[in-house]
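1. Using only what follows, build the 3D model:
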Amino acid sequence: MPGIEAKIKELEKEASRPDIWEHPEKAAALNQEISELKGEVELWNKMRSEIDELIEFSKLSEIDAALQKEVSERYVVLLRQFKKEELRLFLGGKYDRNNAIISVYSGVGGRDAEDWAAMLFRMYGRYAEQKGFKAVVAHEHFGAEGGLKNATMLINGKYAYGYLKGEAGVHRLVRISPFSAQKLRHTSFALIEVMPEIAEGEEIEIKPEEIKIEFFRSSGPGGQNVNKRETAVRIIHLPTNISAACQSERSQQGNRERAMRLLYSKIHQYRAKMKEEEKASLRGEKISIEWGRQIRSYVLHPYKMVKDHRTDYETSQVDKVLEGELDEIIEAELKLET
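-> Numbering: from 1, shown residues only. Presented below is the predicted three-dimensional model:
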């Protein structure tokens, strides 16, 4: 665990600075991260100790059947726990421990594409639920026929961004269209964006005069207004024209606070992207636009298959994947990065 222990020392050094408590939110976040990292080290040391005990037991020439069974059962439990924790070793990015913000955008293709966007949005909600994360829908924009044009979800949980960052890109669906009277096969596309949640004031400063705030009524499928009062909030960052909206809270204040958090994350992503494009330009490289980055195909007809085009991972269990069982796909993608 030298990497984690080195990170703890680095954070403790920062937390010991005399001026750290001038920024209480940052100080609290630092101490929280230090505590969590120490907990991880403690867990690994505990597993290492238990492995050593099992090795010693296995060396005994005379061991009764009951003890042998206990050792075998403990080995299975320990192996499962090890595999779960092992995956976190691949999550060493600066923002991997942060909450994640997922946005889905339907591509061209009308109602089929909008339905596909809704299927993906549900898939990530189910994944969050299975991982013990908390998923909060911040914003949904529906088309005239009730299909999902775009939507944003905040997923709260340790390492949520680290696990989900690889989901960014274009997702392709092939199926018999449920909206076609001729039962024709149709290909639909949807774009997924994933951002880490960035705390207010962390690396980014937004001045009050740089934003414009708009209020509107929350809307549901088909365009009907969900609320009679204008509780939904849209905040526009005037220098970049980046906007963030939220309609999930019951009050204007709640939606305003959440929209502001989304805006910080969007601006952070925008600036990171600009830096990467500048570096690529200096290297003489060309970065493809988001819609040109197809990462995964989901085929429901004439056969069933999900294929990740980066890792070549394949499975015929399409229904399970769409129900949020993404662990194997995400694990393959994380290991490919290292």
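
2. doesn't residue 160 make contact with residue 101?
-> No. Counting by CB atoms under 8 Å, residue 101 sits too far from residue 160 to count as a contact (9.3 Å). C-beta: built from backbone N, CA, C; applies to glycine.

3. The stretch 51-200 of the chain: helices as residue ranges?
-> Ranges of helices within the stretch 51-200 of the chain are 65-88, 110-130, 160-164, based on DSSP state H, counting those that start in this stretch.

4. Identify all contacting residues around the last one.
-> Pointing back at helix 160-164 there. 88, 91, 93, 95-100, 102, 124, 127-128, 131, 133, 155, 194-197, 330, 334 (CB atoms under 8 Å, 6 or more residues apart in numbering).

5. hmm, who's touching the helix or strand of the chain with the lowest mean pLDDT?
-> The helix or strand of the chain with the lowest confidence, counting by mean pLDDT, DSSP states H and E, is helix 65-88 at a mean of 77. With contact meaning CB under 8 Å, 6+ apart, helix 65-88 is reached by 40, 43-44, 47, 50-51, 54, 57-58, 63, 159, 162, 331, 334.

6. of the residues you listed, buried ones?
-> Applying 16 or more other CB atoms under 10 Å to those, the neighbour count classes 40, 44, 50, 159, 162, 331, 334 as buried.

7. Need these in a markdown table (columns: distance to residue 249 and pLDDT).
-> Output for these, formatted as a markdown table (distance: CB to CB, whole Å; pLDDT from 0 to 100):
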| residue | distance to residue 249 | pLDDT |
| --- | --- | --- |
| 40 | 33 | 80 |
| 44 | 39 | 79 |
| 50 | 45 | 82 |
| 159 | 25 | 91 |
| 162 | 27 | 94 |
| 331 | 34 | 92 |
| 334 | 33 | 91 |
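
8. so which of the helices of the stretch 51-200 of the chain comes closest to residue 278?
-> Closest to residue 278 of the helices of the stretch 51-200 of the chain is helix 160-164 (CB to CB; 23.4 Å).

9. Using CSV, list the CA coordinates for that closest one.
-> Extracted in CSV, the C-alpha atoms of helix 160-164 (Å, rounded to 0.1, in the frame of the first residue of the first chain):
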residue,chain,number,x,y,z
ALA,A,160,-18.5,6.9,-7.9
TYR,A,161,-16.6,9.0,-10.5
GLY,A,162,-13.7,6.5,-10.6
TYR,A,163,-16.0,3.7,-11.5
LEU,A,164,-18.1,5.5,-14.0
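
10. Pick the most deeply packed of the helices of the stretch 51-200 of the chain.
-> helix 160-164 (a mean of 25; mean count of other CB atoms under 10 Å).

11. how far out from the middle of the chain is that helix?
-> Relative to the centre of its chain, helix 160-164 is centred 4 Å away, using CA atoms, centre = their mean, to the nearest Å.

12. Then stretch 105-116?
-> 22 Å.

13. For this structure, give me the ranges with low pLDDT.
-> 1-3, 58-63, 200-202, 219-229, 283, 285-292, 337-338 (pLDDT under 70).

14. check contacts around the residue nearest to residue 101 when sequence neighbours are not counted.
-> Among residues not flanking residue 101 along the chain, residue 195 sits closest, at 4.5 Å (CB to CB, 6 or more residues apart in numbering). Contacts of residue 195 were listed using CB under 8 Å, 6+ apart, and they are 100-101, 103, 161, 265-266, 268-269.

15. what's the closest of those to residue 151?
-> Of all the contacts of residue 195, residue 151 sits closest to residue 103, with 7.0 Å by CB to CB.

16. ok, that closest one to residue 141 distance?
-> 11 Å (CB to CB, to the nearest Å).

17. Overlap in contacts, these two.
-> Between them, residue 103 and residue 141 share the contacting residues 150-151, judged by CB under 8 Å, 6+ apart.

18. And these two? Which one has more around it.
-> residue 103 (19 against 14; other CB atoms under 10 Å).

19. wait, the more buried one sits on residue 148?
-> No. Counting by CB under 8 Å, residue 103 does not reach residue 148; the two are 11.4 Å apart.

20. Could you identify the buried members of the contacts of helix 160-164?
-> 88, 91, 95-100, 102, 124, 127-128, 131, 133, 155, 194-197, 330, 334.

21. For residue 35, see how far away the closest residue to residue 295 other than its chain neighbours is.
-> Counting by CB to CB, 6+ apart, residue 295 lies nearest to residue 169, which is 3.6 Å off, once chain neighbours are set aside. Distance check for residue 169 against residue 35: by CB to CB, it reads 34 Å.

22. Of the two, which one has the most company?
-> Shown here are residue 169 and residue 35; by other CB under 10 Å, residue 169 has more neighbours (18 against 10).

23. Would you map the strands across the stretch 151-300 of the chain?
-> 169-176, 185-196, 211-216, 232-237, 242-246, 294-299 (DSSP state E, counting those that start in this stretch).
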